[in-house]
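Trainee: Would you be able to build a 3D model of this:
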Amino acid sequence: MIKKNCGMVAIEIGQIVQDFAVIMIVSSVMALLSYKLKQPMVIGYIIAGMIIGPYTPPFSLIINIDVLNLFAEIGIILLLFVVGMEFPIDKLRKIGKKAFVIAISEALGTFAIGLVIGVQVLHYSLSNSLFLALAISVTSTVIVMRILEEMDMVKEQASTLILGVAVIEDIIIISILAILQSITSTGVGQVSVGELVISILSVLAFIGGVLYIGSRIVPKFVNYIGSTNQPDLLIVAVLGVAFGLSFVAYELGISVATGAFFAGVLIAESKVHSVTKVLATPIRDMFAALFFVSVGALMDIRLLPIFIVPVIVLVVISLVAKFLTVFISARTQGFSTLTALRTGFGLASSGGELALVVAKGGTDIGVTSSFILPMVGTMTVITTFITPYMIKFGWKFSEIIASKSTALLFHYFDIQKRLSKFRIFKKANRK
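Mentor: Purely as a prediction, here's the structure:
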């Protein structure tokens, strides 16, 4: 029997292989079941984790939870890396000022409302409330766009706006996560204004440096590697960039997810980005599955009676807050009532993969309570279930409201026109 000492922990290879086999078998069964039920496979992975996890009676099916957590960290890096590859710098520039204003309004507005609810209504600690508020500010870009594709509505103006807002929102959430992890790791109450400013400037400097310096080096390097026409060399090189920037971010006290995301953005600037995406996606899918399974495994379902009511409260609050902030900001940016309503419904549901990354980010540095991760996991399952129906019926409802508002507007102008003619006629008779 082969054993390897890793620091103070002896890792048995046979146990790792056994755990990996259990994870993959149970995950594949639950993912297939989710597919048959026409639900996102992320739900299947989370439930698979709950089945095999240490908190599910009568016993845990996996032996070493630390190994699963290690795979999960790799999954976060690869997940955010491939997401970043969808958004080259030019595409980010073309999204426009209007989408940026809406994204800022939605992310910060929902975050502020969630923080107040967490502290004042639910009476959670500041650290718990901060990470919960950030988690409910997230919209799952992958789930929403997949639903729009299935409904054949991707080319609608609202769909384009949803994608643009979601992209900017992801960047905002990742940046805030990096700041939160930096300031809460030393204790929220112990952070001075100067330390907070330094944390924010560190994140901004990292992002700015990566985009300014990295965009001049990384794409050329990847293009050179791509010119060799060796797929194995190319995938090793781009993964080196992903893990390299993640390590730099980690050393600076910033979330590894931030480094991975912007590594993807830099790779997207290369001429061979489409090839690298094809090569990286299967690796991403495997480790992303492990990440979602680990989230499920860490969810203590015995705590469900404790946090089910707060979960429902937070789901309702996030839906209302996100819808209102998006609708109001979209209208102020000059979009029609129909587009604003559809965009609001499309971005109203919180949760998804990034929300789980946020929740696990607080758990990883030990600043959130044990119930935060299962709370966000439960919220993600609920919102993932209701999102298709929200978009489907919300867009139909938007058409009804928009058509009625247009009819009322025409009726209003018609009345004004008639009154104007009547005033002119009355003045003429007086003369």
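Trainee: low-confidence ranges in the chain?
Mentor: 1-11, 57-59, 91-96, 141-143, 145-147, 149-155, 185-196, 352, 405-431 (pLDDT under 70).
Trainee: Show me where this structure has its strands.
Mentor: 3-6, 9-12 (DSSP state E).
Trainee: Relative to residue 288, how far out is the residue positioned nearest the centre of the chain?
Mentor: Centroid check for the chain by CA atoms, centre = their mean gives residue 354 as the closest residue, at 3.1 Å. Going from residue 354 to residue 288 by CB to CB, to the nearest Å gives 12 Å. (Each C-beta comes from the backbone N, C-alpha and C, glycine too.)
Trainee: what's the answer for residue 324, then?
Mentor: 32 Å.
Trainee: same thing with residue 369?
Mentor: 26 Å.
Trainee: Could you check which of the two is surrounded by more residues?
Mentor: residue 288 (23 against 16; other CB atoms under 10 Å).
Trainee: contacting residues around residue 362?
Mentor: 127-128, 130-131, 180-181, 184, 368, 372-373 (CB atoms under 8 Å, 6 or more residues apart in numbering).
Trainee: related to what we said a few turns ago, now the residue nearest to the centre of the chain. Nearest residue, chain neighbours left out?
Mentor: residue 138 (4.7 Å; CB to CB, 6 or more residues apart in numbering).
Trainee: What residues does residue 231 make contact with?
Mentor: 275, 279.
Trainee: What separation do you get for it and residue 275?
Mentor: From residue 231 to residue 275 the distance is 7 Å (CB to CB).
Trainee: And residue 368, by the same measure?
Mentor: Distance, residue 368 to residue 275, by CB to CB: 39 Å.
Trainee: of the two, who's got more company?
Mentor: residue 368 (25 against 17).
Trainee: Quick check: phi and psi at that one.
Mentor: phi -120, psi 160 (degrees, to the nearest 10).
Trainee: Is it correct that it is in contact with residue 129?
Mentor: No. Here residue 368 lies out of contact with residue 129, judged by CB atoms under 8 Å, at a distance of 9.6 Å.
Trainee: how long is stretch 179-199 end to end?
Mentor: One end of stretch 179-199 sits 6 Å from the other (CA to CA, to the nearest Å).
Trainee: What is the neighbour count of the residue nearest to residue 303 when sequence neighbours are not counted?
Mentor: Using CB to CB, 6+ apart and skipping residues adjacent in sequence, the residue nearest residue 303 is residue 371, 5.0 Å away. Around residue 371 there are 19 other residues, counting by other CB under 10 Å.
Trainee: distance of residue 371 from residue 358?
Mentor: 15 Å.
Trainee: likewise residue 89?
Mentor: 24 Å.
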